[in-house]
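> make a model of this:
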Amino acid sequence: MRRDLSVRVGAPYELTELLERQNQEFIFGRGRAVGFESRFPDLFSRDRPHFAMELRDSADELLAGLTVKRGLIRTQDYGTLSAAMIGGVWVTPARRGMGLGSELMGRLHSELLHKQTSIAVLWSRKHEFYSRNGWTLADEGVSGVLTNATPGTAEELDHANSQNERNENCGWIRCPLDSTNIPIPADTAGRMRSKRDSNSYWLVSTVANQGFAHEFQGDLNHAAPLLSTFAESCARLTINTHLNRPEFPVIREHLRDVTWSRQDLTHWWRSPQLSHIPDRYLALLPISFLDRF
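Have a look, this model is predicted:
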């Protein structure tokens with residue numbers, strides 16, 4: 001670690017200069033209207049264990065930073081693991097390509113170990129950079145674009161009911177405020193409920209005339225019809241899901257006009273005690289776009 005640099009760790013709401021830079025880089029500078037603190041209320045709650053990290057030089061100039069959401073990931077084979085989500089990874093533009101990002105990752109790994117974190121996850125297309133810095137790309141997430149879909153009938157979907165129990169207990173354990181997240185790039189988010197069953201709904205978000213479907217809860221009979229209805233209100237509907245989510249095979253089978261592509265965004269870090277967990281196992285852990293930041 002470089003001795004001419006220092007690290008500052010604090011609550012996300014305390015490191016206001018970093019938050020300002022993150023908002024400019026990832027939100028307002030890209031024409032988006034809702035800042036991090038409004039998008040992710042739990043992340044900025046004063047009674048939560050989340051933290052942010054700043055990298056500063058000897059003149060106390062902010063050079064790089066990131067934000068860490070702490071929580072738990074439930075698995076079928078390894079129990080419940082202490083976990084962290086990493087987001088808002090930022091390096092000052094004038095100093096990019098000079099090793100500050102790698103230095104920041106090294107400091108992050110030390111802090112994760114200090115806080116007894118078992119596993120961490122982040123989302124990025126900078127695969128080579130994160131691979132060099134101790135992260136593993138392992139992702140079974142998929143995105144689908146839906147146009148003019150015709151759902152199957154309820155009778156055709158009856159066989160799917162038993163699938164909802166199989167995977168719902170794996171993945172990030174959501175706290176109450178997480179249900180109010182507004183995922184990037186949306187500016188509004190909520191639930192689209194079935195009129196026939198109020199306990200069945202999609203977690204969705206929108207920006208302008210674009211819609212995003214993130215996760216289904218409830219009776220899978222309603223998954224495809226609800227998506228078709230939502231698509232009618234959008235010029236473009238993107239379905240962000242995972243091969244291991246119970247709704248995925250239902251959508252794939254009964255909504256024919258979906259164009260699917262792999263996401264290849266999810267990078268994992270493991271503590272040395274968990275280095276034996278296979279990459280494939282990590283790839284199969286579904287984490288909803290609603291929870292990501």
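> lowest-scoring secondary structure element of the chain by mean pLDDT?
Least confident element among the helices and strands of the chain, by mean pLDDT, DSSP states H and E: helix 154-157 (a mean of 32).
> and Glu111, which helix or strand is it part of?
When elements are assigned from DSSP states H and E, Glu111 belongs to helix 100-114.
> show me what that helix is packed up against.
Secondary-structure packing of helix 100-114 (3 or more C-beta pairs under 8 Å, 6 or more residues apart in numbering; DSSP states H and E): strand 6-10, strand 51-56, strand 62-74, strand 80-91, helix 127-132. (Each C-beta comes from the backbone N, C-alpha and C, glycine too.)
> what residues does it touch?
Helix 100-114 is contacted from outside by 1-2, 5, 7, 9, 51, 53, 55, 63-66, 68, 84, 86, 89, 91-92, 120, 129-130, 132-135, 269, 271, using C-beta atoms under 8 Å, 6 or more residues apart in numbering.
> that older thread, now the helices and strands packed on helix 100-114 as CSV including mean neighbour count and mean pLDDT?
Listed next are the helices and strands packed on helix 100-114 as CSV, based on neighbours: other C-beta atoms under 10 Å; pLDDT from 0 to 100:
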stretch, mean neighbour count, mean pLDDT
strand 6-10, 15, 96
strand 51-56, 21, 98
strand 62-74, 21, 97
strand 80-91, 21, 97
helix 127-132, 14, 97
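> may I see those arranged in TSV, with distance to Leu177 as well?
Converted to TSV, the helices and strands packed on helix 100-114 look like this (distance: least, C-beta to C-beta, whole Å):
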stretch	distance to Leu177
strand 6-10	20
strand 51-56	17
strand 62-74	11
strand 80-91	14
helix 127-132	28
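> do you know which of these lies nearest Leu284?
For the helices and strands packed on helix 100-114, the distance to Leu284 is smallest for strand 62-74, at 12.1 Å, taking C-beta to C-beta.
> what's the closest one packed up against?
helix 16-22, strand 51-56, strand 80-91, helix 100-114, strand 119-123, strand 171-172.
> got the contact list for the shortest one?
Identification of contacts with strand 171-172 by C-beta under 8 Å, 6+ apart yields Gly71, Leu72, Ile73, Arg74, Ala83, Met85, Leu285, Pro286, Ile287, Ser288, Asp291.
> Met85 versus the first one, what's the distance?
To tie it back to what came earlier, the one meant is Gly71. 7 Å (C-beta to C-beta, to the nearest Å).
> cool, Met105 as well?
Distance, Met105 to Met85, by C-beta to C-beta: 15 Å.
> assumed Glu37 was part of a helix.
Yes - judged by DSSP: H, G, I helix; E, B strand; the rest coil, Glu37 forms part of a helix.
> please name the nearest non-neighbouring residue to Gly190.
Closest residue to Gly190 apart from its sequence neighbours, by C-beta to C-beta, 6 or more residues apart in numbering: Val204 at 6.5 Å.
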